[in-house]
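quick one: sequence plus predicted model below, questions after.
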Amino acid sequence: MNRRLDLLAPPDAHPEARSAAPAANTSATIPATHDPESRLADDHHDSLRLWLRLFTCTLLIEKRIRTQLRERFATTLPRFDLMAQLERHPDGLRMGELSQRLMVTGGNVTGLVDQLVAEGLVTRTPTARDRRALMVKLTARGKEAFDAMADEHERWIEAIFGGLAPSERGRLQELLGGLKRSLTGPTTERTTEPT
């Protein structure tokens, strides 16, 4: 049976909404009414069940990280992600590169960079080749702040996956790697003819 499943997440689960405002509920659980898996029926396909399990786990992990960043460092996940990109590129990145790497609009990057510049965590200067292009770099203070966040972030991630045995983590990594390859490889439409 081909049933439509409404996958629209509640407003607070939308990535842009989540980055804009802190969640009121700081627990790492999703209320049953907002749990994507609660939308499944007995006759839904296994692939849909798997997708919703992955989606739910992603939401739970992201919510926990967002909460811990906010409570421990008074910052947001988008700011952390932007600083992580800059930490990996000590010579800096152009605004357009940041937008591509973070998969967000230029306007979102501009807003984040404006905040971080105002706090002395990054600099934004015209590039030597094109004065219209702006290069963004972490300041020494920004690098120090990011390093402190990254150390704790790593511990949080280790704790999140700590309930899995090393062999289970390895197998999950391998399985998800296969899924990622199938999604990023050449697209081949698989269609089935009705019988």
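On my side now, so go ahead. Just so it is clear, the model here is predicted, and its values are computed rather than measured.

so which residue is dead centre in this protein?
Against the mean C-alpha coordinate of the chain, by CA atoms, centre = their mean, the closest residue is residue 62 at 6.9 Å.

count the residues that sit near the nearest residue to it once chain neighbours are set aside.
In space, not counting the residues next to it along the chain, residue 62 is nearest to residue 77; the distance is 7.0 Å by CB to CB, 6 or more residues apart in numbering. (Each C-beta comes from the backbone N, C-alpha and C, glycine too.) Other residues near residue 77 number 19, with proximity taken as other CB atoms under 10 Å.

touching, residue 77 and residue 64? I think so.
No: at 10.7 Å, residue 77 does not count as touching residue 64 under the criterion of CB atoms under 8 Å.

just checking, what packs against the top helix by length along the chain?
Longest helix of the chain, by residue count under DSSP state H: helix 46-73. In terms of contacts (3 or more CB pairs under 8 Å, 6 or more residues apart in numbering; DSSP states H and E), helix 46-73 is packed against helix 77-88, helix 140-160.

show me the shaky parts of the chain.
Low-confidence segments of the chain, defined by pLDDT under 70, span residues 1-34, 36-38, 40-44, 187-195.

so what are the domain limits for it?
11-74, 77-147 (automatic domain parsing).

can I get these in TSV including distance to residue 163?
Putting those into TSV (distance: least, CB to CB, whole Å) gives the following:
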stretch	distance to residue 163
domain 11-74	12
domain 77-147	22
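
perfect, I'm done here.
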